[in-house]
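J.: give the three-dimensional model of this entry:
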Amino acid sequence: MTHDHPAPPGPGAPRPFGSLLTAMVTPFTPDGSLDLDGAARLATHLVDRQGNDALVVNGTTGESPTTTDAEKERLVRAVVEAVGDRAKVVAGVGTNDTRHTIELAAAAEKAGADGLLVVTPYYNKPPQAGLERHFRAVADATGLPVLLYDIPHRAGVPIATETLVRLAGHERIVGVKDAKGDLAATSWVLRRTDLAYYSGEDALTLPMLAIGGVGLVGTSTHLTGALTAELIAAYDRGDTAAALALHHRLLPLFTGIFRTQGTILVKAAMTALGLPAGPVRPPLVDATDAEVAQLRADCADAGLELPE
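T.: Down below sits the predicted model:
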């Protein structure tokens, strides 16, 4: 919703999916098949041990470019069955084809998802009018709330401020996963709308909260979830010193998980912890010994242990 006199941002701002979400990796068996039992166990760990209010499945971290539509639907069902009674499940459905995105959105709704994450159409670089038409068509297609995913460094095109302001008038477009890295642009949207802004970059969680954001959709939160939830709670209660201390502590993992593609290192970390993960699918490649050693060092720098 757009408005002339927005409510002050902060802890009282609407949080349609809570404050902490992890973009969950998709576990595979050793032969690369979908591991639904593993997905249920990993989802349970992320909710019950790492403090997530919601999980995003079928995002890029979940290797959505290389999972089939049928696998995506089965994964949503498995995660909803495992944790849907105590956490929301947001399904990534965005593609660069509006018709296909609508099909995935309908399938996710049928499978029990609580919301949709819809990324900016990538590679074909539509103009802003095309972006707006795309997002509206997807939001019109189901009864589920929609998080827009603004990530220009992957999509090739940003969602412009004016486009976001217009889209905020749609009753089911409730928020943004913001990986634009432009806090000034984000501030203008927050000033003019009541969209719920979630940082799409782990290291910008605290700055995003400071300008009126409501939380994080994270990757390192496979490892840092409980402490990141503590960071957000500290900020909410006005203890900015504690929030800043946690920000500084977790920075080695907030950034280190992206030394190579995030999925690769998260899966290596989950394997080291004895949690379901399995291999990545091509064109990704599994972490090298050197990359795992660096990840272990980053964990230690953040005060967390990753077993040998």
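J.: ranges for the strands of the stretch 51-200 of the chain?
T.: Here the stretch 51-200 of the chain has its strands, by DSSP state E, counting those that start in this stretch, at 54-57, 88-92, 115-119, 146-150, 173-178, 196-199.
J.: can you tell me the strand partners of the first one and which way each runs?
T.: It refers to strand 54-57. Here strand 54-57 is paired, per DSSP bridges, with strand 20-23 (parallel), strand 88-92 (parallel).
J.: check the third one too.
T.: The pairing partners recorded for strand 115-119 under DSSP bridges are strand 88-92 (parallel), strand 146-150 (parallel).
J.: now those as CSV including mean neighbour count, mean pLDDT and distance to residue 228?
T.: In this view, the C-beta of every residue, glycine as well, is placed from N, C-alpha and C. Converted to CSV, the strands paired with strand 115-119 look like this (neighbours: other C-beta atoms under 10 Å; pLDDT from 0 to 100; distance: least, C-beta to C-beta, whole Å):
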stretch, mean neighbour count, mean pLDDT, distance to residue 228
strand 88-92, 28, 98, 17
strand 146-150, 28, 98, 18
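J.: name the nearest residue to residue 307, sequence neighbours excluded.
T.: Computed as C-beta to C-beta, 6 or more residues apart in numbering, the closest residue to residue 307 that is not its neighbour in sequence is residue 272, at 5.4 Å.
J.: if you count neighbours, what's buried in the helix or strand harbouring residue 268?
T.: If you go by DSSP states H and E, residue 268 is part of helix 262-272. Buried residues in helix 262-272, defined by neighbour count with 16 or more other C-beta atoms under 10 Å: 262-272.
J.: quick one: contacts of stretch 170-181?
T.: 14, 16-17, 115, 117, 135-136, 139-140, 142-154, 158-159, 164, 167, 186, 189, 195-201, 204, 208, 213-214, 217 (C-beta atoms under 8 Å, 6 or more residues apart in numbering).
J.: now do that stretch: distance to the chain's middle.
T.: For stretch 170-181, the distance from its own C-alpha centre to the chain's C-alpha centre is 11 Å (C-alpha atoms, centre = their mean, to the nearest Å).
J.: who's in contact with residue 32?
T.: Residue 32 neighbours (C-beta under 8 Å, 6+ apart): 278-279, 281.
J.: try it again at 10 Å.
T.: 66, 278-282 (C-beta atoms under 10 Å, 6 or more residues apart in numbering).
J.: give me the pLDDT value at it.
T.: On the pLDDT scale, residue 32 is placed at 97.
J.: secondary structure element for it, which one?
T.: For residue 32, there is no helix or strand it lies in under DSSP H and E.
J.: what sits against the residue lying closest to residue 95 once chain neighbours are set aside?
T.: Nearest residue to residue 95, sequence neighbours excluded (C-beta to C-beta, 6+ apart): residue 101, at 4.9 Å. By C-beta under 10 Å, 6+ apart, residue 101 lies in contact with 93-95, 116, 118-119, 121, 134-135, 137-138, 141.
J.: save those residues as CSV, and put in distance to residue 240 too.
T.: What follows is the contacts of residue 101, written out as CSV (distance: C-beta to C-beta, whole Å):
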residue, distance to residue 240
93, 36
94, 34
95, 40
116, 33
118, 33
119, 32
121, 38
134, 38
135, 34
137, 41
138, 37
141, 41
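J.: just the ones of these in helices?
T.: Among the contacts of residue 101, the residues falling in helices (DSSP state H) are 134-135, 137-138, 141.
J.: quick one: which of these is nearest residue 42?
T.: Among the ones in helices among the contacts of residue 101, residue 138 lies closest to residue 42 (C-beta to C-beta), at 27.2 Å.
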